[in-house]
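> Sequence and predicted structure, then a few things I'm wondering about:
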Amino acid sequence: MPVEFLGQVVSDGASSVPYLPTILRILPWAALIYVLRWFFGGESNRVERVMHGKVVMVTGGTSGLGAAIVNDLASKGAQIILLVRSTEDYWVIDYISDLRKRHSNNLIYAEECDLSSLHSIRLFCTQWLDNSPPRRLDSIVLAAGVMAPPFSAREVTKDGVEVHWGINYLANYHFLTLMMPALKVQPPDRDVRVLVATCAAYMLGELDLNDPEFLERGYPGRKPWLAYGAAKIAVMALVAHIQRQLDEYKRPDGMPVNVKVWSVDPGIMRSPGSRRWLSLGSVLGLLVYMVTWPLWWIVLKSTDEGAQGFYAGLYDPQLGRGKGGVLIRECKVSPFRKPEIESEVLGEQLFDISKAQVDKIEKQAALERAKEKKRKEEAEAKAAKDPKSDEKESKSKSRKSVSKKVAFSDDADTTEASATDTPKSASKRRTKKT
């Protein structure tokens with residue numbers, strides 16, 4: 001059959017075969033698309049590891065890059081602890097149920113750890129550390145991150161910190177420093193790995209330790225990658241400094257600490273974050289993104305392709321025996337494009353500034369919680385002391401409001417004052433009459 005087909009093409013020409021001319025015209029373009037797709041897809045991890053019984057914590061594991069990592073870990077039987085904003089979210093409950101059924105893995109759980117709140121992070125870490133004997137922990141994957149689109153307004157976390165600095169750096173700093181005892185106490189024969197997501201945008205960042213939140217310089221709304229890249233520079237310097245601390249730590253049993261911490265660059269992916277960035281966070285931009293999606297399909301990685309570097313960091317035994325505190329890119333160790341990231345001076349200064357900022361935020365938040373608790377206790381005590389008088393007072397006020405004509409005004413303060421003054425004067429007149 002192939003010989004007859006080729007003979008017909010040679011003797012009668014390509015036009016004698018139905019659809020062959022069209023196929024020949026399309027074939028070079030299809031080959032070009034295939035080559036481009038292969039090139040932009042990046043390297044693939046070719047190393048597997050038995051993950052049954054391994055305990056892995058993951059942030060950002062419900063969408064994008066984190067979801068791809070969680071899906072692969074679940075398929076290998078790992079015990080996964082998803083750190084989420086709220087464990088009462090029905091979507092999260094359905095997501096975990098679906099993962100369990102799809103991979104026949106019931107060791108997938110969710111714990112509340114809101115990265116936009118330093119208090120929530122402390123609550124989770126304290127609860128995790130408050131256990132005897134110490135809990136097993138094999139890996140931590142910090143894949144959560146925020147990337148604001150251009151021309152967007154400045155956003156802050158629940159603690160009032162600029163969102164790039166607060167989520168991409170300060171939350172990771174707070175989490176890792178609190179979890180250090182859990183990492184140091186793991187048996188020396190256990191291969192413990194911590195992977196922190198970064199991005200090539202760090203090369204565009206402008207980190208100023210005197211103004212990390214761009215308060216004095218002004219928030220770069222037209223160039224948010226300056227703030228985003230600055231946070232990524234900081235988190236990479238944090239990773240290098242934490243690895244130095246782990247290497248210098250002396251265990252009570254005299255054994256070496258077998259904990260490796262890496263920064264991982266997944267590349268530019270078709271993730272929810274990049275989609276929001278490309279669409280400028282607008283509906284019109286989203287429509288443009290959908291129209292141009294074939295282009296992004298070619299030049300951007302899928303989330304599973306971006307996760308290949310994380311798979312290498314989790315599974316590759318060579319990386320486990322290598323140096324920590326480095327950058328993993330395209331499934332192998334890659335040099336930093338900014339050499340100051342490895343500076344011990346930068347790491348120490350960053351730690352001091354971060355510690356002072358976290359202490360200040362937590363003290364303010366603790367005072368606010370104490371005031372709120374006191375107000376609630378006073379209100380409850382007042383209600384428990386004389387509930388009947390409160391009911392009588394509310395009923396009398398309701399009767400007065402029915403008989404009184406209220407004039408609405410745009411000025412809220414004036415309305416409130418007139419509403420509170422009238423009952424007082426009425427009560428005075430009623431007392432005198434009695």
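Sure, I can see it.

> distance between the helix or strand harbouring V239 and the chain's centre?
Take DSSP states H and E as the rule and V239 turns out to sit in helix 225-248. In terms of CA atoms, centre = their mean, to the nearest Å, the centre of helix 225-248 is found 16 Å from the chain centre.

> Check stretch 125-141 too.
20 Å.

> go on, stretch 308-318?
The answer for stretch 308-318 is 20 Å, by CA atoms, centre = their mean.

> and the closest residue in space to K232 that isn't next to it in sequence, what pLDDT?
Spatial nearest neighbour of K232, chain neighbours left out: Y202 (3.8 Å); criterion: CB to CB, 6 or more residues apart in numbering. No exception for glycine: its C-beta is placed from N, CA and C like everyone else's. Looking at Y202, its pLDDT stands at 91.

> Now do the contacts for Y202.
G229, K232, I233, M236, R337, K338 (CB atoms under 8 Å, 6 or more residues apart in numbering).

> can you rerun that using 7 Å?
G229, K232, I233, M236, K338 (CB atoms under 7 Å, 6 or more residues apart in numbering).

> residues touching S15, list them.
Counting by CB under 7 Å, 6+ apart, the residues that S15 touches are P21.

> now the biggest helix by length in the chain against helix 225-248, angle please.
Looking across the chain with DSSP state H, the single longest helix is helix 344-385. With axes from the mean of the first three to the mean of the last three CA atoms, to 10 degrees as the basis, helix 344-385 and helix 225-248 are set at 100 degrees to each other.

> residues of stretch 319-334 that come out buried?
Buried residues in stretch 319-334, counted by 16 or more other CB atoms under 10 Å: L319, G320, G324, G325, V326, L327, I328, R329, E330, C331.

> Now do that stretch: distance to the chain's middle.
22 Å.

> Output the below-cut-off pLDDT ranges for this protein.
1-2, 4-10, 12-14, 16-17, 386-434 (pLDDT under 70).

> immediately after the one helix or strand A182 maps to, which helix or strand?
Taking DSSP H and E as the criterion, A182 maps to helix 171-184. Heading C-terminal from helix 171-184, the first helix or strand you meet, by DSSP H and E, is strand 192-197.

> What is the distance between that following strand and the centre of its chain?
On CA atoms, centre = their mean, the centre of strand 192-197 falls 14 Å from that of its chain.

> repeat for stretch 294-308
Offset of stretch 294-308 from its chain centre (CA atoms, centre = their mean): 20 Å.

> Check stretch 165-181 too.
Remark: stretch 165-181 is offset 11 Å from the chain centroid, using CA atoms, centre = their mean.

> Just the CA atoms of stretch 240-254, as CSV, please.
Output of stretch 240-254 as CSV, limited to C-alpha atoms (Å, rounded to 0.1, in the frame of the first residue of the first chain):
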residue,chain,number,x,y,z
ALA,A,240,19.3,31.1,51.2
HIS,A,241,19.5,32.5,54.7
ILE,A,242,17.3,29.8,56.3
GLN,A,243,19.5,27.1,54.6
ARG,A,244,22.6,28.7,56.2
GLN,A,245,20.8,28.6,59.6
LEU,A,246,19.9,25.0,59.2
ASP,A,247,23.5,24.1,58.1
GLU,A,248,24.9,25.8,61.2
TYR,A,249,22.4,24.2,63.6
LYS,A,250,23.9,21.5,65.9
ARG,A,251,21.5,18.7,66.8
PRO,A,252,21.5,17.4,70.4
ASP,A,253,22.4,13.9,69.0
GLY,A,254,25.3,15.3,67.0
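
> I140 and S282, how far apart?
Using CB to CB, to the nearest Å, I140 is found at 35 Å from S282.

> more crowded one of the two?
Between I140 and S282, counted using other CB atoms under 10 Å, I140 has the larger neighbour count: 24 against 13.

> where do the strands sit along the stretch 251-400 of the chain?
Assigned by DSSP state E, counting those that start in this stretch, the stretch 251-400 of the chain shows strands spanning 259-265, 327-329, 332-334.

> Turn the ones you listed into JSON lines, columns for distance to R100.
Formatted as JSON lines, these follow (distance: least, CB to CB, whole Å):
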{"stretch": "strand 259-265", "distance to R100": "26"}
{"stretch": "strand 327-329", "distance to R100": "29"}
{"stretch": "strand 332-334", "distance to R100": "34"}
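
> quick revisit: which strands or helices does the longest helix of the chain pack on?
helix 118-129, helix 225-248 (3 or more CB pairs under 7 Å, 6 or more residues apart in numbering; DSSP states H and E).

> For the shortest one, enumerate the helices and strands it packs against.
Looking back up the chat, that one is helix 118-129. strand 108-112, helix 171-184, helix 344-385.

> Please repeat the previous calculation with a cut-off of 6 Å.
Packing partners of helix 118-129 (3 or more CB pairs under 6 Å, 6 or more residues apart in numbering; DSSP states H and E): helix 171-184, helix 344-385.

> Just name the most buried of these.
Across the helices and strands packed on helix 118-129, averaging neighbours per residue (mean count of other CB atoms under 10 Å) puts helix 171-184 on top, at a mean of 20.

> for it, the distance to its chain's centre please.
For helix 171-184, the distance to the chain centre is 16 Å (CA atoms, centre = their mean).

> Could you check the angle that helix makes with strand 192-197?
Going by the same axes, to 10 degrees, helix 171-184 makes 170 degrees with strand 192-197.

> For A67, see how far away the closest residue to L278 other than its chain neighbours is.
Nearest non-adjacent residue to L278, counting by CB to CB, 6+ apart: Y289, 5.4 Å away. According to CB to CB, Y289 stands 20 Å off from A67.
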